[in-house]
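> Sequence and computational prediction follow.
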Amino acid sequence: MSDVRIVYRKYGGALHWNHPGRVLGEDEHGVWAGVPRGTVARKGNGPPVPWEASTIMLFPRDAWWTASFHSQPHWSEIYVDVTTVPEWRDGEVTMVDLDLDVVRMPDGRIFVDDEDEFTEHQVVLGYPAEVVAQAESAARWLVDAVGERKGPFGGAHLEWLAMVI
């Protein structure tokens, strides 16, 4: 296990959500990191925001998303950010948040969040056509995978989550 700085940026490089975590291990789904309840995150350089629940984060090796699996009670069970492919360097994992989020609620409902922000940022931040296409494709795949509990969304996180609760 090793410490890692988890850094989300917005397109163009602006600092977005960022916080510490601990790499717990890897499997066929990617790299798993633990973020214990009470961990302090910041949105950009904003005020500290303590995490309400212990969380396991999954950083796939070659996919356009990252996933957070929350201990309960929490308002969501799984929260997946559509992002660029995570990049690892010097104790940090960094990716660009592309606005779209796929969320599974504790009652099983699935929805895509922030579609309006994604549409706005295509113009304001100048997302290239290939980035838009990758983000839309990832979101479609995630709705199916999260909803049908496929791959890492079928309970693979539970053994990792037990390590941080």
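Structure's in. What do you need? Please read these numbers as outputs of a predicted model, since none were measured by experiment.
> where along the chain do the helices fall?
Here the chain has its helices, by DSSP state H, at 115-124, 129-147, 158-161.
> Export those to CSV and append columns for mean neighbour count.
Quick note: C-beta positions are derived from backbone N, CA and C, even for glycine. Shown next, in CSV, are the helices of the chain (neighbours: other CB atoms under 10 Å):
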stretch, mean neighbour count
helix 115-124, 14
helix 129-147, 16
helix 158-161, 16
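> Spatially nearest residue to Met1, not counting backbone neighbours?
Of all residues not flanking Met1 in the chain, Arg22 sits nearest, at 5.5 Å (CB to CB, 6 or more residues apart in numbering).
> Test my guess that Asp62 contacts Val85.
Yes: using CB atoms under 8 Å, Asp62 is in contact with Val85, at 5.9 Å.
> before we move on, the earlier item: of all the helices of the chain, which one is nearest Gly46?
helix 115-124 (17.2 Å; CB to CB).
> ok so, going back, need the helices of the chain in TSV with distance to Met57 and mean pLDDT, can you?
Listed next are the helices of the chain as TSV, based on distance: least, CB to CB, whole Å; pLDDT from 0 to 100:
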stretch	distance to Met57	mean pLDDT
helix 115-124	21	97
helix 129-147	15	98
helix 158-161	9	95
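> With distance to Ala14 as extra columns, can I get those helices in JSON lines?
Below are these laid out as JSON lines (distance: least, CB to CB, whole Å):
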{"stretch": "helix 115-124", "distance to Ala14": "11"}
{"stretch": "helix 129-147", "distance to Ala14": "16"}
{"stretch": "helix 158-161", "distance to Ala14": "30"}
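> I'd like the distance from Phe59 to Met95, if you could.
Separation of Phe59 from Met95 (CB to CB, to the nearest Å): 8 Å.
> CA atoms only for stretch 107-114 - export them in CSV, please.
Extracted in CSV, the C-alpha atoms of stretch 107-114 (Å, rounded to 0.1, in the frame of the first residue of the first chain):
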residue,chain,number,x,y,z
ASP,A,107,-32.3,1.8,-4.1
GLY,A,108,-30.8,0.7,-7.5
ARG,A,109,-31.9,3.7,-9.6
ILE,A,110,-29.4,4.8,-12.2
PHE,A,111,-29.1,8.2,-13.8
VAL,A,112,-26.7,10.3,-15.8
ASP,A,113,-25.9,13.6,-14.0
ASP,A,114,-24.5,17.0,-15.3
